[in-house]
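Enquirer: Here's a sequence, model it:
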Amino acid sequence: MINRTAPSLNTEGGQIVETLVTNHLHCAERWCTARVGSSQITSAFQPIFCLSHQRPVGFEGLVRATNLADGAAITPQQLFAQGKEPDEIILIDRLCRLIHTQNFQTFAPAESWLFLNLSPHIILNAYSQGLFVTAELLKQANIPPQRVVIEILEKKIADEALLAEAMAHYRAEGYLTAVDDFGAGQSNFDRIWRLQPDIVKLDRSIIANSAINPRARRVLPSLVSLIHEAGCLVLIEGIETATEAMISMDSDVDLVQGYFFSHPKSDIQSLDGMGEKQVNFLSHEFSSHSNQDACRQLQALENYLEPFLAVVQSTHDDSSLLDGCDRLLQQPGIVCCFILDGTGRQIGDNKMPGSQTVWPTGKYAHLAGFAGADWSRRSYFRRAVTRPGEVQVTGPYLSLPDARMSITLSVAMRWQDGNIRVLCADLEWSGGANIITGAAGNSGHS
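Expert: Numbers count the residues shown, from 1 in each chain. Reported below is the predicted structural model:
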């Protein structure tokens, strides 16, 4: 527990911690509580799992408070609301960190992280002193800084310069940093670029919305990928159902947390191994789900690949290719066909079912694929011309002018006169975002 003989990291921090211990801390049976005002507070820990390693890699310290008079539970919001002045709120925050560090070192695996929430009041009023106090608390508990993740609820701190300065100081001292509840309120990527946290915790609203909204579910993997590109790990918090857990795994997040895996616990014995069965189960279920989903996707694509390949194999010039498009458009689910030359320029307008040419209407009509449009930057063109004769499949994307989710089949062909043509077919797609992309078949036409 408290190491009273350890030298202080600094005089000020040491004196503050000594006062906290003397006036507020109570330890019995290897577990610490603290008293402040009319309340008693203790720790509850919730594991944070790495999906790849299928085990907890960290524990978030959460405060649990009761009224000393009658034992009634007090919410964290009610606890901090007892602080009428900034100094009182800072005291409560320090006591939470004190009991979390003391209780964490009692049970936690040597390599695991402790996630500590830092009150915005610390950042706004005393972050430099808070850095000293945190360092002293960890020193007393024999926890090195590299095992601590400082969580900051950035949306409650309007002074971005001060926030960035505070996070930089914590990083310089060896702590990891995390932005909490990203995606709620006014969160935006500008802050991710500027704050450079080690971990971004996505707000529960994102995973809850993804479980009921197909569009949100398709977007989530891209959001995770973008955060990865910024150099941050991604943690989804608040996972409560198996569906949400599967979506998280499907989106390639690094870390997960929530009631589905484990409720926060204050009992030391119950902390051992909690949630691991759910993670192992999830891994097996995901593998089975992925295989089944891949089979369904391939089956759906096969229904289009056969007529697509039949058209390609029966064409030898522009005229026969146009005739083949008419046959292809008789297949249900094919939204349109269009032809590109070897530079990615569209030859003729889009061909739609039921007519040689349909001029689109609506607010995106002027963005439709007309003769002369340049699609050279699109993956369906670039992959096709680098691998002539192989049918390419894109992932789902928003297809104009009707703003529907589509995938595109494409294949590059070369006529005897040397001209290159790329046949493209847009398919309406309501499946997942993780469709298998790339080469899907050989046309024998190159």
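
Enquirer: CA atoms for contacts and neighbours, from now on please.
Expert: Fine.

Enquirer: Quick check: pLDDT value at the spatially most central residue of the chain.
Expert: Closest to where the C-alpha atoms of the chain average out (Cα atoms, centre = their mean) is Val224, at 3.9 Å. The model reports Val224 with a pLDDT of 93.

Enquirer: now swap in Ala371 and tell me
Expert: Per the predicted model, pLDDT is 85 at Ala371.

Enquirer: Now do it against Ile347, distance only.
Expert: Separation of Ala371 from Ile347 (Cα to Cα, to the nearest Å): 5 Å.

Enquirer: neighbour-wise, which of these two wins?
Expert: Ile347 (19 against 15; other Cα atoms under 10 Å).

Enquirer: is Val256 in a bridge, and if so with what?
Expert: Beta bridges link Val256 to Phe49, Ile236, judged by DSSP bridges.

Enquirer: thought it was touching Gln46?
Expert: No - proximity of Val256 to Gln46 does not meet the contact threshold set by Cα atoms under 8 Å, at 10.8 Å.

Enquirer: Pull the contacting residues for the nearest residue to Val63 once chain neighbours are set aside.
Expert: Spatial nearest neighbour of Val63, chain neighbours left out: Ser43 (5.0 Å); criterion: Cα to Cα, 6 or more residues apart in numbering. Contacts for Ser43 (Cα atoms under 8 Å, 6 or more residues apart in numbering) come out as Cys32, Thr33, Gly61, Leu62, Val63, Arg64, Cys96, Ile99, His100, Asn103, Ser266.

Enquirer: Model confidence for the third one, exactly?
Expert: For Gly61, the model assigns a pLDDT of 95.

Enquirer: That one against His100, yeah?
Expert: Yes - look at Gly61 against His100 with Cα under 8 Å: they come within range, at 5.7 Å.

Enquirer: Pull up the overlap in contacts between these two.
Expert: Common neighbours of Gly61 and His100 (Cα under 8 Å, 6+ apart) are Ser43, Leu116.

Enquirer: Can you point out the buried residues in stretch 175-186?
Expert: Tyr175, Leu176, Thr177, Ala178, Val179, Asp180, Asp181, Phe182, Gly183 (16 or more other Cα atoms under 10 Å).

Enquirer: Just confirm Arg97 is within a helix.
Expert: Yes - according to DSSP: H, G, I helix; E, B strand; the rest coil, Arg97 belongs to a helix.

Enquirer: Distance-wise, check it relative to Leu137.
Expert: From Arg97 to Leu137 the distance is 8 Å (Cα to Cα).

Enquirer: ok now stretch 16-30, how far from the chain's centre?
Expert: 38 Å (Cα atoms, centre = their mean, to the nearest Å).

Enquirer: what residues does that stretch touch?
Expert: So stretch 16-30 is in contact with 1, 32-36, 95, 99, 103, 106, 133, 136-137, going by Cα under 8 Å, 6+ apart.

Enquirer: what about burial for those residues, which qualify?
Expert: Cys32, Thr33, Ala34, Arg35, Val36, Leu95, Ile99, Asn103, Val133, Glu136, Leu137.

Enquirer: quick one: the second one and Ile90, what's the gap?
Expert: Translated: Thr33. 17 Å.

Enquirer: again, but for the third one
Expert: When distances are taken as Cα to Cα, Ala34 and Ile90 turn out to be 15 Å apart.

Enquirer: The fifth one too?
Expert: Counting by Cα to Cα, the gap from Val36 to Ile90 is 12 Å.

Enquirer: that older thread, what's the strand or helix carrying the residue nearest to the centre of the chain packed up against?
Expert: Element membership for Val224, per DSSP states H and E: helix 214-229. On a contact count with 3 or more Cα pairs under 8 Å, 6 or more residues apart in numbering; DSSP states H and E, helix 214-229 meets helix 204-212, strand 233-236.

Enquirer: mind listing what Leu114 touches?
Expert: Counting by Cα under 8 Å, 6+ apart, the residues that Leu114 touches are Gly58, Phe59, Glu60, Gly61, Thr101, Phe104, Arg147, Val148, Val149.

Enquirer: For burial, what's the neighbour tally of the closest residue in space to Arg97 that isn't next to it in sequence?
Expert: Spatial nearest neighbour of Arg97, excluding adjacent residues (Cα to Cα, 6+ apart): Leu116 at 6.9 Å. By other Cα under 10 Å, 22 other residues sit near Leu116.

Enquirer: repeat for Asn350
Expert: Applying other Cα under 10 Å, I find that Asn350 has 22 neighbouring residues.

Enquirer: So which other helices or strands are in contact with whichever strand or helix holds it?
Expert: Assessed by DSSP H and E, Asn350 sits inside strand 346-351. Contact here means 3+ Cα pairs under 8 Å, 6+ apart; on that basis strand 346-351 packs against strand 334-341.

Enquirer: Quickly run through the sheet partners of the strand it packs on, with directions.
Expert: The strands beside strand 334-341 in its sheet (DSSP bridges) come out as strand 346-351 (antiparallel), strand 420-428 (antiparallel).

Enquirer: between those, which one is nearest to Asn213?
Expert: strand 420-428 (17.7 Å; Cα to Cα).

Enquirer: Not counting its own residues, what contacts the closest one?
Expert: 333-342, 380-381, 384-385, 404-415.

Enquirer: Please apply the same query to stretch 243-257.
Expert: Here stretch 243-257 has contacts from 46-52, 207-208, 210-211, 217, 220-221, 224, 233-239, 260, 282, 286, 434, using Cα under 8 Å, 6+ apart.
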